[in-house]
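>>> Everything below, folded, please.
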Amino acid sequence: MKKISIRATKIFTFDAAHCLPGHKGKCANMHGHTYRLEVTVARNDDGVLTDDSGNGMVIDFGDLKQIVQEEIIDKVDHKLLNEVFSFRTTSENMARHFYDLLARRLLAQGVSVEKITLWESPTSCVEVGRWNS
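Numbers count the residues shown, from 1 in each chain. Here you go, the predicted model:
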């Protein structure tokens with residue numbers, strides 16, 4: 001019998017520009033995206049909170065929103081990503097960076113990041129997460 005877990009997902013958007021120097025395609029030139037960031041989390045015990053305020057929740061969506069806003073959105077929205085990050089600003093690298101940032105921040109609350117999905121267009125996304133092989 002499979003173990004049941006409860007996950008919560010919150011979706012964010014931000015606009016940013018970047019370029020990928022040395023890339024053989026159009027992305028070598030400065031361009032922008034309206035990114036869609038999906039953050040999926042679960043409690044480390046696969047359950048929900050039992051305190052008065054958050055009873056029955058994985059995490060209060062307002063708390064998750066504040067954390068993602070502080071850790072990610074405020075730093076990247078309407079920015080030139082090449083000036084924000086020291087790494088190559090591919091969606092893969094940014095999604096991994098976002099995953100690591102949020103995993104550290106949420107650990108103290110007993111919450112794990114299950115998956116980060118970063119869409120750079122309506123038809124192209126990357127996912128970072130922990131999956132059973």
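
>>> show me where the chain has strands.
Counting by DSSP state E, the chain has these strands, from start to end: 7-18, 31-43, 79-80, 111-121, 124-129.

>>> which one of the ones you listed is the most hemmed in?
Stretch with highest mean neighbour count among these: strand 111-121 (a mean of 20; mean count of other CB atoms under 10 Å). (Each C-beta comes from the backbone N, C-alpha and C, glycine too.)

>>> Would you mind pulling the contact partners of that one?
Applying CB atoms under 8 Å, 6 or more residues apart in numbering, the external contacts of strand 111-121 come out as 7, 33, 35-44, 58-59, 91, 94-96, 98-99, 102-103, 106, 125-130.

>>> for stretch 28-39, same thing?
By CB under 8 Å, 6+ apart, the surrounding residues in contact with stretch 28-39 are 9-22, 64, 68, 72-73, 76, 91, 98, 102, 113, 115-121, 125.

>>> got the strands of the chain as JSON lines, with distance to residue 87 and mean pLDDT columns?
Listed next are the strands of the chain as JSON lines, based on distance: least, CB to CB, whole Å; pLDDT from 0 to 100:
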{"stretch": "strand 7-18", "distance to residue 87": "11", "mean pLDDT": "97"}
{"stretch": "strand 31-43", "distance to residue 87": "16", "mean pLDDT": "96"}
{"stretch": "strand 79-80", "distance to residue 87": "14", "mean pLDDT": "98"}
{"stretch": "strand 111-121", "distance to residue 87": "14", "mean pLDDT": "96"}
{"stretch": "strand 124-129", "distance to residue 87": "14", "mean pLDDT": "97"}
